[in-house]
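Chemist: What follows is a predicted protein model with its sequence.
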Amino acid sequence: MATLIDTPNIDDRDGFYQDLLAAHGGLDESQSHALNARLVLILANHIGNQQVLGEALDLAKNTGPA
Amino acid sequence: MPYTYQEFAYNTPPALRGEPDGPHQVAIIGAGPIGLAMAIDLAQRGVASVLLDDNNVVSVGSRAICWAKRSLEILDRLGVGERMVEKGVTWKLGRLYRGDAEVYNFDLLPEAGHQMPAFINLQQYYVEEYLIERCRQFPDLIDLRFKNKLEDLSQTGDGVRARFETPDGPYELEASYLIACDGANSTVRKSMGLEFAGTLFEERFLITDIVMKADFPSERRFWFEPPFHAGQSALLHKQPDDVYRIDLQLGWDADPEEERKPENVIPRIERMVGDRPFEIDWVSVYTFQCRRLERFVHDRVLFVGDSAHIVSPFGARGGNGGIQDLDNLGWKLAAVLDGSAGPQLLQSYDSERTYGADENILNSSRSTNFMSPKPGAESLFREAVLDLAAKAPFARLMVNSGRLSVPCVLDGSALNSADTSDLPAVSRPGASLPDAPLDGGWLLNRLGPDFTLLILNAEPRRVEGAQTVCVTADETMAERFLGAAEQAFYLVRPDQHVAARWTTFDAGAVAAALRKAKGF
Ligand SMILES: Cc1cc2nc3c(=O)[nH]c(=O)nc-3n(C[C@H](O)[C@H](O)[C@H](O)COP(=O)(O)OP(=O)(O)OC[C@H]3O[C@@H](n4cnc5c(N)ncnc54)[C@H](O)[C@@H]3O)c2cc1C
């Protein structure tokens, strides 16, 4: 059974982080939100596995400011 | 106007003529599509009923138009399916647009080899008219009374006593069972004080039928943010007699009284249909709700159709859900009344059809949420899905303009026997038996009114309590019933749902499955 990978999994993590910020470059806040929403859907479809997606949702919900 | 309403005759009820009236086996309240079909199902099983309606005309305004394949199969069993298909507009393609660009289209019945089409569109008044005519073919079994309005009722322990108002005054009637088919505002439900819990969606839709000559295709067309109705959604369906159904989203702030006025409706439609001349046949403004009773069986009172559950209309799951209810209840009530099953069989109506209602409510709620996203994240993701849909195939399937009614698979029902075979999933226990061509006719038409043992590619057998149908499977049947197996045996319930199946014959197993399917 697949579970969410929450250990380091991207080789060039700094490079990805830079690409992510670059994708948002020049966007206003609402355009950024829209980009993120599309990205979430694209990545979710790629993952496909409902169990993994559920764990990802939980991790996101249970982090950040309370 | 395309349809002429006929007023059905009111006759003074027996009690008010000083004649005996009952006690009846079954009283059905409400002669809408569900009550009418319920009476026919029972009559075909030899069960007499008195069917009472407060009105004396068929549905005013078209209301339900989309009748799904499974409903047509059931209504065919009840004797009106072919007539409906003949009159109705057959369709199976849905097209989705954003603005004026097509996002994608879906085929609701991509495979051949079924008698009934994926959907027909046919005005509810025609369906009721055909059902009333069919009821008239059972003069000894269906006592249809117009202008008999249920006022209240009480349970007597072994039956129900109900009070009616008529043009000649009030009277009372007794029945062993009372079936509430009195619709969304059910008097039965209210007089029993039962809660109808659920959700109201803060959205309004203008729904109208117009008469117009146009060569629009026989397809369901749905627009998100069309140029003719800025920022909102629109739905177009073709019906017989040059009638088109148009649904226009208005938002929660719209004033229903104002929006209903012709001077406001006409310009909206003109923007949609261009300069074609049209006439408005019927118009209404709706707010959608998804609700259901917690239980559909309350001792001797049984709830069927909209009295038991209501959904927003975008999956056409209201009427089609109700048709599946009565299909489920008819044989069970007949069996309880003739003593071949115990009253506990009726509990399976409750569990199977509350399960079906939940499925319909879930799908209808999701569609309504997609169509009327709240500001904030809901709107954000709706936009994201629609934006992506132009490029990415996965997102097209996320676009939700209604998940159209499909037969409910009664997975997990207590009436099912365990499925130990490797046979195809489409025909697993709980599913309604898929149709297939057979000897120039259709498999479903060969099933008996009671239990059937369907034998594929094996020698005939006799079993107690079930009629047998022996067939040699062709390619289509093999795909639907055999998979890799050489032969198979399917025990099919009177409502055409599969109760059990095997790849080898075992008389004891068949007998046990039959008992289980009867609630023992
Ligand atoms: C705009 C719209 C579009 C729809 N489109 C579809 C669709 O495309 N496909 C679909 O499947 N469903 C659709 N539906 C839902 C569908 O119309 C209902 O699910 C269906 O009518 C339910 O049938 P029913 O017989 O349970 O109730 P109803 O049709 O409401 O019938 C109830 C009957 O009971 C009678 N009655 C009420 N109270 C009493 C009383 N006290 N005493 C005696 N009689 C009484 C009424 O006069 C009526 O005849 C739509 C609904 C609407 C409003």
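Modeler: It's in. Numbers count the residues shown, from 1 in each chain, chains lettered A, B, ... in the order given.

Chemist: just for the chain, where's the confidence low?
Modeler: With no chain named, the answer covers chain A. Counting by pLDDT under 70, the low-confidence segments of chain A come to A:1.

Chemist: Can you look at chain B instead?
Modeler: Flagging of chain B using pLDDT under 70 yields the residue ranges B:1.

Chemist: The residue lying closest to residue B:194 once chain neighbours are set aside and residue B:302: what is the separation?
Modeler: Nearest in space to residue B:194, with sequence neighbours left out and distances taken as C-beta to C-beta, 6 or more residues apart in numbering or on different chains, is residue B:293 at 5.8 Å. Quick note: C-beta positions are derived from backbone N, CA and C, even for glycine. For residue B:293, the distance to residue B:302 (C-beta to C-beta, to the nearest Å) stands at 11 Å.

Chemist: circling back to that earlier point, just give me the neighbour total for the residue nearest to residue B:194.
Modeler: Look at residue B:293: counted by other C-beta atoms under 10 Å in any protein chain shown, it has 23 neighbours.

Chemist: How about the one 3 residues further on?
Modeler: Residue B:296 has 26 neighbouring residues, counting by other C-beta under 10 Å.

Chemist: what about the longest helix seen in chain A, near chain B?
Modeler: Longest helix in chain A by number of residues, with DSSP state H as the criterion: helix A:29-47. Yes: against chain B, helix A:29-47 shows contacts by C-beta under 8 Å from any C-beta of the partner chain at A:33, A:34, A:37, A:38, A:40, A:41, A:42, A:45.

Chemist: and of these, the nearest to residue B:182?
Modeler: Within the residues of helix A:29-47 next to chain B, proximity to residue B:182 (C-beta to C-beta) peaks at residue A:41, which comes in at 43.9 Å.

Chemist: my guess is the closest one meets residue B:396, correct?
Modeler: No: taking C-beta atoms under 8 Å as the definition, residue A:41 is not a contact partner of residue B:396, at 11.8 Å.

Chemist: if I read this right, residue B:61 contacts residue B:280, doesn't it?
Modeler: No: because the distance of 11.2 Å does not satisfy C-beta under 8 Å, residue B:61 is recorded as not touching residue B:280.

Chemist: Now do the shared contacts for these two.
Modeler: residue B:209 (C-beta atoms under 8 Å, 6 or more residues apart in numbering or on different chains).

Chemist: on that earlier part again, quick one: the residue nearest to residue B:194 from residue B:266, how far?
Modeler: Distance of residue B:293 to residue B:266, given as C-beta to C-beta: 40 Å.

Chemist: Strands of the stretch 301-450 of chain B, start to end?
Modeler: Across the stretch 301-450 of chain B, reading from the start of the chain, the strands by DSSP state E, counting those that start in this stretch fall at B:301-303, B:309-310, B:437-438, B:441-442.

Chemist: Can you say which of those strands is nearest to residue B:65?
Modeler: Nearest of the strands of the stretch 301-450 of chain B to residue B:65, taken as C-beta to C-beta: strand B:309-310 at 16.7 Å.

Chemist: How about stretch B:190-210, which residues are buried there?
Modeler: Going by neighbour count (16 or more other C-beta atoms under 10 Å in any protein chain shown), the buried part of stretch B:190-210 is B:191-192, B:194, B:196, B:201, B:203-210.

Chemist: ok, now stretch B:236-251?
Modeler: Result for stretch B:236-251 [16+ other C-beta under 10 Å]: buried residues B:236-240, B:243-250.

Chemist: now swap in stretch B:8-21 and tell me
Modeler: For stretch B:8-21, by 16+ other C-beta under 10 Å, it's B:8, B:11, B:13, B:14, B:15, B:16, B:21.

Chemist: And for stretch B:256-267?
Modeler: Of the residues in stretch B:256-267, those scored as buried under the neighbour-count criterion (16+ other C-beta under 10 Å) are B:259, B:265.

Chemist: So residue 5: helix, strand or coil?
Modeler: Just going to use chain A. Here residue A:5 is recorded as coil under DSSP: H, G, I helix; E, B strand; the rest coil.

Chemist: actually chain B
Modeler: Three-state call for residue B:5 (three-state DSSP): coil.

Chemist: Residue numbers of chain A in contact with chain B?
Modeler: Contact residues, chain A versus chain B (C-beta under 8 Å from any C-beta): A:33, A:34, A:37, A:38, A:40, A:41, A:42, A:45.

Chemist: May I have the residues that are in contact with the first one?
Modeler: For residue A:33, the set of contacting residues under the criterion of C-beta under 8 Å, 6+ apart consists of residue B:380.

Chemist: State the distance from it to the ligand.
Modeler: Separation of residue A:33 from the ligand (C-beta to the nearest ligand atom, to the nearest Å): 35 Å.

Chemist: can I assume residue A:17 sits in a strand?
Modeler: No: counting by three-state DSSP, residue A:17 is not found in a strand; it is helix.

Chemist: what about it, neighbour count?
Modeler: Summarising burial for residue A:17: neighbours were counted as other C-beta under 10 Å, giving 11.

Chemist: Residue A:58 too?
Modeler: For residue A:58, the neighbour count with other C-beta under 10 Å is 11.

Chemist: Who are the packing partners of the helix or strand containing it?
Modeler: Here residue A:58 sits within helix A:50-61, counting by DSSP states H and E. With contacts defined as 3 or more C-beta pairs under 8 Å, 6 or more residues apart in numbering or on different chains; DSSP states H and E, the secondary structure elements packing on helix A:50-61 are helix A:29-47.

Chemist: in the helix it packs on, what counts as buried?
Modeler: By 16+ other C-beta under 10 Å, the buried positions in helix A:29-47 come out as A:33, A:34, A:35, A:36, A:37, A:38, A:41, A:44, A:45.

Chemist: how about the second one, what does it touch?
Modeler: By C-beta under 8 Å, 6+ apart, the contact list for residue A:34 reads B:380, B:383, B:384, B:387.

Chemist: got those residues as CSV, with distance to chain A and neighbour count columns?
Modeler: Written out in CSV, the entries for the contacts of residue A:34 read as follows (distance: C-beta to the nearest C-beta, whole Å; neighbours: other C-beta atoms under 10 Å in any protein chain shown):
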residue, distance to chain A, neighbour count
B:380, 5, 18
B:383, 6, 18
B:384, 4, 22
B:387, 6, 17
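
Chemist: so what's residue B:371 closest to, chain neighbours aside?
Modeler: Distance criterion C-beta to C-beta, 6+ apart; nearest residue to residue B:371, sequence neighbours excluded, is residue B:233 at 5.5 Å.

Chemist: Now do the phi/psi pair for that neighbour.
Modeler: As for residue B:233, its main-chain torsions (degrees, to the nearest 10) stand at phi -110, psi 160.

Chemist: So what's the residue count around it?
Modeler: Close neighbours of residue B:233, defined as other C-beta under 10 Å, add up to 21.

Chemist: isn't it right next to residue B:206, touching?
Modeler: No: the pair residue B:233 / residue B:206 is not scored as a contact, 11.2 Å apart, by C-beta under 8 Å.

Chemist: what is in contact with these two at once?
Modeler: Counting by C-beta under 8 Å, 6+ apart, the residues touching both residue B:233 and residue B:206 are B:247, B:248.

Chemist: So what's the residue count around residue 54?
Modeler: Looking at chain A here, since you left the chain open. When counting by other C-beta under 10 Å, one arrives at 11 neighbours for residue A:54.

Chemist: um, chain B though
Modeler: Neighbouring residues of residue B:54 were enumerated by other C-beta under 10 Å; the total is 18.
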